[in-house]
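Colleague: Quick one: sequence plus predicted model below, questions after.
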Amino acid sequence: TPAQRTKPRDAFRAHEGPAVLIMGYRAAVQDFTPMQDWENGVLVADECSAFKNDKSRVHQVVHFLAQKASHVWGLSATIIKNALMEGWAIYKIIVPGLLPAKTKFLQNFCITKMQPIGGGRKIPVVVGYPPGCIKQFREIIEPYFLGRAKFEVAADLPVLEQKTIEVQLTDEQEKLYADALNGLLEVGGVDKEVTKL
């Protein structure tokens, strides 16, 4: 709970010398107000794809904390596999200024189409990438990216084991499922029409 998280945050703030505070992104968003004056620490963002959307609250909070940190590290197994805009959003935090501003990045690295959003307004939506742009992106981030290809780590990975466990529905779940398949489901005491999906 927020009250329970106050104690470790206060201990971290009061600690003399090196200290580590580990928190999830959701907690960082919820507890943002008391952390706004933190500075000069090292920020290590595990699963940095959590802030791949520059419009998300997580991105905004991590961006703010990163600007006050002395060093920022981002850990991810999938940064280069995803869309370039996601990589742009992550590197905006990890290495500010490395890549051009968003509008310029869209112009230089992405093929976009204007998508109507209502009210006569349109926004650019990425539909692809010009030839060579992914290679150019990799070259730009290369000095700030440490990674290994899957074939380089395959020997270190455990053997994939698969096990199928069938779990039967309870009688109540069976009834709800049958109702949903028939197109009518009671939700919160109110009958609602639903699709089979």
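Modeller: Thanks, I have the structure now.
Colleague: quick one: the strands in the protein?
Modeller: All strands of the chain, identified by DSSP state E, fall at 42-45, 71-74, 111-118, 121-128, 184-187, 190-193.
Colleague: want to throw those strands into TSV with mean pLDDT, distance to residue 59 and mean neighbour count?
Modeller: No exception for glycine: its C-beta is placed from N, CA and C like everyone else's. Conversion of the strands of the chain to TSV gives the following (pLDDT from 0 to 100; distance: least, CB to CB, whole Å; neighbours: other CB atoms under 10 Å):
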stretch	mean pLDDT	distance to residue 59	mean neighbour count
strand 42-45	94	11	16
strand 71-74	94	12	17
strand 111-118	88	20	10
strand 121-128	88	17	11
strand 184-187	72	33	12
strand 190-193	69	35	9
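Colleague: Now those in a markdown table, please, with extra columns for distance to residue 137.
Modeller: Formatted as a markdown table, those follow (distance: least, CB to CB, whole Å):
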| stretch | distance to residue 137 |
| --- | --- |
| strand 42-45 | 20 |
| strand 71-74 | 15 |
| strand 111-118 | 14 |
| strand 121-128 | 13 |
| strand 184-187 | 45 |
| strand 190-193 | 46 |
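Colleague: of these, which approaches residue 16 most closely?
Modeller: strand 42-45 (16.7 Å; CB to CB).
Colleague: next one: that closest one to chain centre, how far?
Modeller: On the basis of CA atoms, centre = their mean, to the nearest Å, strand 42-45 is displaced by 15 Å from the centre of the chain it belongs to.
Colleague: in this protein, which ranges drop under the pLDDT threshold?
Modeller: Within the chain, the set of residues satisfying pLDDT under 70 comprises 80-82, 187-189, 191-197.
Colleague: now residue 161: how far from residue 153?
Modeller: Here residue 161 is placed at a distance of 18 Å from residue 153 (CB to CB, to the nearest Å).
Colleague: The two: which has the busier surroundings?
Modeller: Set side by side, residue 161 and residue 153 show more neighbours around residue 153, with 11 against 5, by other CB atoms under 10 Å.
Colleague: ok, now how distant is the more buried one from residue 147?
Modeller: From residue 153 over to residue 147 the distance is 10 Å, taken as CB to CB.
Colleague: any shared contact partners between those two?
Modeller: Listed contacts common to residue 153 and residue 147 are nil; contacts here mean CB atoms under 8 Å, 6 or more residues apart in numbering.
Colleague: show me what contacts the residue nearest to the spatial centre of the chain?
Modeller: Nearest residue to the geometric centre of the chain (CA atoms, centre = their mean): residue 50, 1.6 Å. Contacts of residue 50 were listed using CB under 8 Å, 6+ apart, and they are 25, 58.
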